[in-house]
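Colleague: turn this into a model:
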Amino acid sequence: MANGHRRVRGLAARAGGWSARHRWAAVGIWVLFVVLAMGLGSAAGMVMVKDSDQLKGETHTAAKIVEDAGIDEPAGETVLIQSKDASVKATDAEFRAAVDAVMKAVEATGRVTDVKSPYDTETISRDGRSALVQFDMRGESDTAGERVEPVMNAVEKVQRDNESLRIEEIGGASMMKTFDDAFGDDFKKAEYSAVPVALGILLIAFGALVAALLPVVLAMTAIMATMGLMGIASHVVPMGDSASSVMLLVGMAVGVDYCLFYLRREREERAAGRDAQTALQIAAATSGRAIVVSGVTVCVAMAGMLFTGLAEFEAMGLASLMAVAVAMVGSVTVLPALLSLLGERVEKGRLPFLRRRRTSGSSESRFWGAVLKGVLAKPVLSVLVATGALLAVAAPAVGMKTQQLTLDQEFGDSLPIVQTYNRLNEAFPGGSDPAEVVVRADDINAPEVKSALADFREQAISSGASQGPVEIELHDAQNMAFVYVPLVGGSDMDKATESLDKLRDEVRPATLGKVDGVEAPITGQVAGSADFSDQLVGSVVPVFVFVVVFAFLLMLLSFRSLTIAITSIVLNLLSVGAAYGILVAVFQHGWGASLVGTEGVGAIVIWLPLFLFVILFGLSMDYHVFVVSRIREARMRGRSTKDAIQHGVVTTAGVVTSAAVIMVAVFAIFGTLSMQSMKQMGVGLAAAVLIDATVIRGVLLPAVMALLGERNWYLPKWLNRMPDLTHDEAPEAFEKQEVSGGEPVRV
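Modeller: Predicted structure coming up:
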C-alpha cells in the first residue's frame, strides 16, 4: 500500500488498507449501517424484560402465577400517623380525627381505591403511638408515580392541620415520584457529562480539535447504532432498565480508547517521517490488530454475563457486547477512511495554548522512561513491592459482605421519605416491605384451604417470623389468595432473611404445604433479594471459568505464547482483586469514604462484584493487549527482550495514560450520583482502571517480563499447530531497521 502493491496479511491490516483506498465507500457504508440500525431498532421497538422473568426461584414462580391469572396488583400506599411523643395515643379523639381526615382527604382526590382504616385492619403499633391508613392507587402500578402527587399534597395538608402528629405517606407510587424528582436527572447528567469530559481530555492529549473530535464522534455513532441493535436483539433477549446505561458507559470507554490507540499510532508514524499511506498501513497492522484482539476479548468477557441466568445481567451483557463489537469494527474500518480523507487537516483547530508536539524523535514518555529504568534495573524488587502493595489493597476483600441495599443504605437519610421508611419499620417491623405469599388452589374457598390459610397466619406470628398483622386478600374468580406477612427484622436484611427462611422452611410446610393442589411461593423484596443472591452465587463459578478460560485461549492464539497468556490472566486477577479491596474498604468499612463523597454502609450491593469482574476483566485487556503487542512488535523487529520491554512500555505510556484518564473520568462521574450502588460502581471501575494503567502496566508487567526474558515467548511444540493469528502485525510492512544486539525471535 505504501509503495504501490505490497500485500499485507491479517484482518485489521486488510480492513484498514481497503478503507483507506475506498474511503468514501467506507464512510458511506458506516453511515448507512448506523442509520439502518437506528431505523430498524426504532421500528422493531424495545421489548423490556417482564417481572416474571427477572429472577428464578420462588420469586419467578410467584410472578408467573400472578401474570397467568391476569391479576394486576395495584400500587399500594400507606400513610403513617404517629404521635411525636407518648402523650397522644391511637385511641385518643385527636388521633382518631386525624385518621378520619386522612381517609377523607385521599378519597377526595379520586385517585385511590380501597381505603382501609387502621381500626379495621388492626394496624396499630404495640406502643399505641402509630397507625397505618392503607389504600391502593387507581390505574397501572408502573405509572402510579405520575398520578400520586395530588394524593401526597392532600396528606401534606392534613399534616399542616395536625402539628402534634407526624402524618407521612410512603409506598411504591410515592417513592417512585420522590426519587424521580430527586434523582431522575442523575443518570442523564452523568451520560451527558461523559461526552464533554472525554472531549476535553482528548483536546489536551492531541492539542487539535479535529483529532479530538474523531474518537468522540465515532464512539457516539457506535452507541447510536448499538441502541438500534438493542431494539432488534430485545425480541430474542429482552432488555432491562440498566442495559442502556451500562452500554453507554462501556461503549464510550472502549470506543474512545480504540480510536485513540489507532490515531496516536498513525500520528506517531507520520511524525517519524513516513508518508501518510505508510503511516496508515502501520497503524492498521499494529494498533488495528491490538484493537481486534482486545475487542474480541472484551466481547468474550461480556458474554460471561449471559451465564448468570439473571435477565438483567443477560441484557447488560448482550448490550455491552454489541457496543464493543460495533466500536471495534468502526475503529478498524471507518477511522482509517476518515484519516485518509482528512490527511493533514486532522491537525486543524490546534489549541494555541498547547505547544505543537514535536514532529521528530520518538513519542516516548520521559516519566515512564525514568520509572522503567528503575523497574528493569531491579525487577525482583519491583515485582515484590508491586505485588505486595496490590495484595495489601486487595486484603479487605476477604471480608466482603454483599446484600441488596435497603432504602436508607441506598439513598441515605437526606430525603424525608427515607426517614418515614425508617420510622415505619421501627413501629411496624417489616411493614414497609412485607413478604407476599401467592396462594393458588383448585378451590380457594375449600374448607381445608381456608383452614390452612388461617393456620399459616397464626403460625407466621407464633414462630417469630412476624409480629403481624398478617393480611389475607382473596381473589375468588382466580382461586387465588395473597397473604401479606410483615417480617421481623424490618430493614435489617440479615434478620428479615432469617424470618423469610422460617416462613419458607417451617411455617409453609406445616400449613399450606399439607393441602394437595396448593401452590404457595413466597415473594416480596426480601424474598427477591434472597432468590437473586442464590442465583448469583450459583452463577459465579461458570461465569468465572468461562471468562478466564476464553480470555486465556484468546491470548494464547493472539500472541502464540503460553507465558504471556498465563501472565495476562494473573495480572488481570490482581487488578480485579485490588478493586474489590478498595470497594470493601471504602463502602463497607468506611475507610476514606469522605474523600469520595460517600459513607460506609456496611455492605457492597450484591450484583456489583460479579458485574465488576466481567467488566474489568474485559477492559483491562485493552491496555494489556496494546502494551504487549508493542513489546512483541519491537521484539520481532530485532530488539532484545529488555529493549523491547523498555520501548513498548514507554512508547505506549502516553496513549495508555490518556485512555485511562478518560475512563477514570467517565467512571468517576457515576461515582458522583446520589444512589449508593452507582457510587460503588463508579468508584470501583475508576479505581481499577487507575491501578491497571499504572501499577500493573507500568511496573508489574515490565518487571515480570524482564524476569522471564526469552521465556516470555515460550510455546510448547505440541501447540505449534494452533492457528497463527500473529501475522496481523505484518512485519513486512515495516521499514527495515538494523538494531544492534538484536536476537532472532521464533513465533
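Colleague: from here on, contacts and neighbour counts on C-alpha atoms
Modeller: Will do.
Colleague: quick check, Val437 in a helix?
Modeller: No: counting by DSSP: H, G, I helix; E, B strand; the rest coil, Val437 is located in no helix; its state is strand.
Colleague: wait, it sits on Pro486?
Modeller: No: counting by CA atoms under 8 Å, Pro486 is not a contact partner of Val437; they are 11.2 Å apart.
Colleague: endpoint to endpoint, stretch 688-703 covers what distance?
Modeller: This stretch, stretch 688-703, spans 20 Å end to end (CA to CA, to the nearest Å).
Colleague: avg pLDDT for that stretch?
Modeller: Per-residue pLDDT over stretch 688-703 has a mean of 89.
Colleague: could you do stretch 157-167 as well?
Modeller: Stretch 157-167 comes out at a mean pLDDT of 90.
Colleague: quick one: contacts of that stretch?
Modeller: Stretch 157-167 is contacted from outside by 79-84, 95, 98, 101-102, 105, 155-156, 168, using CA atoms under 8 Å, 6 or more residues apart in numbering.
Colleague: again with stretch 657-666
Modeller: 193-194, 197-198, 201-202, 205, 249, 253, 256-257, 260, 685-687, 689-690, 693.
Colleague: so which of those sit within helices?
Modeller: Among these, DSSP state H puts 193-194, 197-198, 201-202, 205, 249, 253, 256-257, 260, 685-687, 689-690 in helices.
Colleague: any quick ChimeraX command for the buried ones out of those?
Modeller: Entered in ChimeraX, the line below selects the buried ones among these, by 16 or more other CA atoms under 10 Å:
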select :194,197,198,201,202,205,249,253,256,257,260,685,686,687,689,690
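Colleague: count of neighbours near the residue lying closest to Ile522 once chain neighbours are set aside?
Modeller: Computed as CA to CA, 6 or more residues apart in numbering, the closest residue to Ile522 that is not its neighbour in sequence is Val437, at 4.4 Å. Counted by other CA atoms under 10 Å, the residues lying close to Val437 total 23.
Colleague: can you check Asn572 too?
Modeller: By other CA under 10 Å, the residues close to Asn572 number 23.
Colleague: again, but for the one 10 residues further on
Modeller: Residues lying near Ile582 (other CA under 10 Å) number 23.
Colleague: quick check: closest non-adjacent residue to it.
Modeller: Val393 (6.6 Å).
Colleague: repeat that for Ala37.
Modeller: Counting by CA to CA, 6+ apart, the residue nearest Ala37 is Gly228, at 4.8 Å.
Colleague: quick check, that neighbour in contact with Phe33.
Modeller: No: Gly228 is beyond contact range of Phe33, at 10.2 Å (criterion: CA under 8 Å).
Colleague: more neighbours: these two, which one.
Modeller: Gly228 (23 against 15).
Colleague: what sits against that one?
Modeller: Neighbouring residues of Gly228 by CA under 8 Å, 6+ apart: Ala37, Met38, Gly39, Leu40, Gly41, Ser42.
Colleague: who touches the fifth one in this structure?
Modeller: Applying CA under 8 Å, 6+ apart, we find Gly41 in contact with Met227, Gly228, Leu229, Met230, Gly231, Ile232.
Colleague: rerun at 10 Å
Modeller: Val35, Ala225, Thr226, Met227, Gly228, Leu229, Met230, Gly231, Ile232, Ala233, Ser234 (CA atoms under 10 Å, 6 or more residues apart in numbering).
Colleague: that one: helix or strand, and which one exactly?
Modeller: helix 23-44 (DSSP states H and E).
Colleague: rewinding a little: return the distance of the residue nearest to Ile582 relative to Val683.
Modeller: Shown here: Val393 relative to Val683, a distance of 15 Å by CA to CA.
Colleague: same question for Ile291.
Modeller: 26 Å.
Colleague: is Asp136 in a helix, a strand, or coil?
Modeller: Assigned with three-state DSSP, Asp136 falls in the strand class.
Colleague: count of neighbours near it?
Modeller: Neighbour count for Asp136, taken as other CA under 10 Å: 22.
Colleague: and it, what pLDDT?
Modeller: For Asp136, pLDDT reads 90.
Colleague: just Glu191 next, same as before
Modeller: At Glu191, pLDDT is 66.
Colleague: number the residues from 2 up from this point.
Modeller: Done: numbering now begins at 2, and the last item shifts to Glu192.
Colleague: and the residue nearest to Ile583, helix, strand or coil?
Modeller: Following three-state DSSP, Val394 is assigned to helix.
Colleague: what's the burial count for it?
Modeller: Applying other CA under 10 Å, we find 21 residues neighbouring Val394.
Colleague: re earlier: tell me the pLDDT of the residue nearest to Ala38.
Modeller: Note for Gly229: predicted pLDDT of 93.
Colleague: for Asp729, same thing?
Modeller: Note on Asp729: pLDDT of 45.
Colleague: and stretch 16-34, what's buried?
Modeller: In terms of neighbour count (16+ other CA under 10 Å), stretch 16-34 has its buried residues at Ala16, Gly17, Gly18, Trp19, Ser20, Ala21, Arg22, Arg24, Trp25, Ala27, Val28, Trp31.
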